[in-house]
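[1] Take a look and give me a structure for this.
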Amino acid sequence: MTSGSLQRPLRAAAGGNRDAAPSGQQELLRLPGGDMPVQWRRCTRARRISLRIDPRSGAVVVTLPTRAARAAGLALLRTHADWSAGRLAALPEMVRLDEGATVLVGGRPCIIRHQPEARRGVWLEADEIRVSGERAFLTRRVTDFLQAEARLRLSRLVTQIAIHDAAEPSLLPARLSIKDTATRWGSCSSDQAVMFSWRLVMAPPEIQHYVVAHELAHLRHLDHGEAFWRLVGRLTPHRVRAEAWLKQNGAALLRTG
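    Numbering: from 1, shown residues only. Below you'll find the predicted structure:
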């Protein structure tokens, strides 16, 4: 499951000086409408130049195919400067995992409370994420806690959904991983490995249910054809609400941490 982007056909951009900044490097460019943070990315699999907004870094990501020139990427940026500036301006505020911050856990707002005298590690209590130990380690410990909680909750959902649909006995993945991703809430590979973003732990349970069901359905159908969507519909009733919720709130999840 991925987010959208703007694209330009490669044939309109091939040739010229291929002087793009090193892949992954960020720079501040002066474009119509003001200065804009831009990340350049080379991708051998890309067939078109594309633009997307990275909510985590608050930058425009320009993806260039191998044969595309940096100048062509700049041209696409200038053409869509208003779109890019508007999308950047619309990003939610960053939420740092620090004392007093409010973080969603399963869709419920929880306040981070530092309790240095406690000896319980990190735990949920009364809509609070309570953290013991030294303040210097608070952010890392909250992040570790949320990632572990994501693995626990999403693993449980994988088992529940796979077992619930007895007609699909092969819906248990060969491998399950939890990662910090920039563009995907989940993925499924041809070797039956399923991945989820740890940030899904912040989404309400029905949103988590849909994303897990979506990726488990890919264990049978790696495309998005009719058979795939029929299976998704059998595994979860939450598709419409979940897709709308992620479209509206996904950037806020990526801006947390």
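[2] Return the backbone torsion pair for Asn112.
    Actually, residue 112 is Ile. It isn't Asn. Main-chain torsions, Ile112, degrees, to the nearest 10: phi -80, psi 120.
[3] Gly107 against Ala203, yeah?
    Yes - counting by CB atoms under 8 Å, Gly107 does reach Ala203; the two are 6.2 Å apart. Glycine gets a C-beta too; all of them are placed from N, C-alpha and C.
[4] all helices in the stretch 151-257 of the chain, in order from the N-terminus.
    Using DSSP state H, counting those that start in this stretch, the helices of the stretch 151-257 of the chain run over 205-217, 226-235, 239-254.
[5] With mean neighbour count, distance to Ser84 and mean pLDDT added, can I get those in CSV?
    Formatted as CSV, the helices of the stretch 151-257 of the chain follow (neighbours: other CB atoms under 10 Å; distance: least, CB to CB, whole Å; pLDDT from 0 to 100):
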stretch, mean neighbour count, distance to Ser84, mean pLDDT
helix 205-217, 23, 27, 97
helix 226-235, 15, 32, 96
helix 239-254, 16, 14, 97
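[6] Return the set of buried residues in the helix or strand containing Leu76.
    Here Leu76 sits within helix 70-79, counting by DSSP states H and E. Buried residues in helix 70-79, counted by 16 or more other CB atoms under 10 Å: 70, 72-73, 75-77.
[7] tell me the mean pLDDT for whichever helix or strand comes after that helix?
    Scanning forward in sequence from helix 70-79 by DSSP H and E, the next helix or strand is helix 81-89. Helix 81-89 shows an average pLDDT of 93 in the prediction.
[8] If you tally nearby residues, what's the number for Arg184?
    Neighbours of Arg184 under the rule other CB atoms under 10 Å: 15.
[9] hang on, isn't it packed against Ser197?
    Yes - between Arg184 and Ser197 there is a contact under CB under 8 Å: 6.6 Å.
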